[in-house]
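>>> Generate coordinates for the sequence data below:
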Amino acid sequence: MSTIDADLVREELGPSALKRLADLESFAAIGSTNTYLMQQQAPEPGMLRVALTANQTAGRGRHGKTWQSPPGSGLALSVAYTFADQPGNLPVLTLVIGNAAIDALEELGVGGIQLKWPNDLIAGNAKLGGILTEAQSQGSTAVTIVTGIGINLDLGPDFRLATDEGPVRPVTDLGAQLPTRPRTESIAAALINRIHDALTRFESTGFADFVLQWADRDWLLGRNVIVETAQSRLAGVCAGIAEDGALLLKADGAVQRVTSGTVTMTEDWTS
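Okay, the predicted model is just below:
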């Protein structure tokens with residue numbers, strides 16, 4: 001199984017991202033790129049540390065779930081970034097990175113990708129990838145975030161994803177979205193460039209700039225769902241997100257805010 005060429009990735013990075021790149025490591029196989037970076041020394045404030053692989057053997061999702069991907073079928077890429085001063089609303093970073101991922105894929109010619117709150121990339125009403133963001137305190141004010149993106153590249157015709165939302169959730173890959181898929185190094189470089197841009201923009205301006213982007217890409221908007229939180233189980237119609245990233249849910253004649261939870265479709269996932 002081939003290893004993603006780290007030197008080729010570096011060659012395609014923009015000058016700003018390259019200047020802030022503290023380290024970039026490519027692995028033939030690794031348990032989890034997020035777990036690996038969480039165990040390494042944090043980059044200096046404003047700097048990036050990247051780990052990537054085409055064979056992640058113990059990928060993780062939200063709430064301890066696993067990320068399933070046959071060997072060599074996808075790209076797992078994680079970026080560590082240290083904020084000198086902790087932002088006030090760290091959970092929205094998953095939404096920020098989702099927008100960055102779409103920007104990167106659009107640059108590569110992949111259109112029509114949407115976002116399923118809070119962390120899924122959707123193409124053609126099927127799951128293309130997911131995002132996991134974690135944080136580590138670095139003293140009184142600094143905080144390091146590690147954000148991981150998993151993108152399906154070529155799953156093969158027989159792959160199906162079993163989930164909590166039913167026995168089978170439709171999945172897709174970049175091979176199904178493009179007549180010719182870009183090389184993996186180009187996809188990785190585009191993601192790093194856009195993640196760098198999004199993190200520095202978020203650090204200077206906050207989340208407000210990203211809300212309208214999300215609204216244009218909101219796959220859940222108008223869909224009937226059930227949202228399970230630690231305290232409750234809510235059924236309603238998705239009504240977008242608030243300025244702080246909370247999911248807005250129309251239920252029982254009122255709009256309720258959801259800041260954390262698992263969204264389950266109450267209609268056909270593909271409709």
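
>>> got the domain boundaries for the chain?
For the chain, the structural domains run 6-215, 220-265, going by automatic domain parsing.

>>> Quick one: residues contacting Ala100.
Contact analysis of Ala100 by CB atoms under 8 Å, 6 or more residues apart in numbering lists Leu191, Arg194, Ile195, Asp197, Ala198. In this view, the C-beta of every residue, glycine as well, is placed from N, C-alpha and C.

>>> I'd like the residues you listed laid out as CSV, including neighbour count.
As requested, the contacts of Ala100 are exported to CSV (neighbours: other CB atoms under 10 Å):
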residue, neighbour count
Leu191, 26
Arg194, 22
Ile195, 25
Asp197, 16
Ala198, 24
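
>>> With just CA atoms, put stretch 117-130 into CSV.
The C-alpha coordinates for stretch 117-130 follow below in CSV (Å, rounded to 0.1, in the frame of the first residue of the first chain):
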residue,chain,number,x,y,z
TRP,A,117,-24.7,19.6,11.4
PRO,A,118,-22.4,19.3,13.1
ASN,A,119,-19.7,17.3,11.4
ASP,A,120,-20.6,15.5,8.2
LEU,A,121,-19.8,16.3,4.5
ILE,A,122,-22.6,15.3,2.2
ALA,A,123,-22.5,14.8,-1.6
GLY,A,124,-25.5,13.6,-3.6
ASN,A,125,-27.4,12.9,-0.3
ALA,A,126,-24.7,10.5,0.8
LYS,A,127,-21.9,10.8,3.3
LEU,A,128,-18.6,11.8,1.7
GLY,A,129,-16.6,12.5,4.9
GLY,A,130,-16.6,13.6,8.5
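
>>> Mind picking out the helix or strand in this protein with the poorest mean pLDDT?
When the helices and strands of the chain are scored by mean pLDDT, DSSP states H and E, strand 161-163 comes last with a mean of 48.

>>> Show residues contacting stretch 13-20.
With CB under 8 Å, 6+ apart, stretch 13-20 has contacts from Arg10, Leu21, Gly46, Met47, Leu48, Ala189, Ile192, Asn193, His196, Asp197.

>>> Give me the mean pLDDT for it.
Mean per-residue pLDDT for stretch 13-20: 96.

>>> One more: stretch 41-61?
pLDDT averaged over stretch 41-61 gives 89.

>>> Report the buried residues of that stretch.
Using 16 or more other CB atoms under 10 Å as the test for burial, stretch 41-61 gives 42-43, 45-46, 48-56, 59-61.

>>> what do you get for stretch 10-30?
Arg10, Glu12, Leu13, Ala17, Leu18, Arg20, Leu21, Ala22, Leu24, Ser26, Phe27, Ile30.

>>> First-to-last residue distance for it?
20 Å (CA to CA, to the nearest Å).

>>> what's the most buried one of the domains of the chain?
Across those, averaging neighbours per residue (mean count of other CB atoms under 10 Å) puts domain 6-215 on top, at a mean of 18.

>>> Now do that one: distance to the chain's middle.
Computed by CA atoms, centre = their mean, to the nearest Å, the chain-centroid distance of domain 6-215 equals 5 Å.

>>> Spatially nearest residue to Asn99 (excluding sequence neighbours)?
Excluding the flanking residues, the one nearest Asn99 by CB to CB, 6 or more residues apart in numbering is Gln213, at 4.7 Å.
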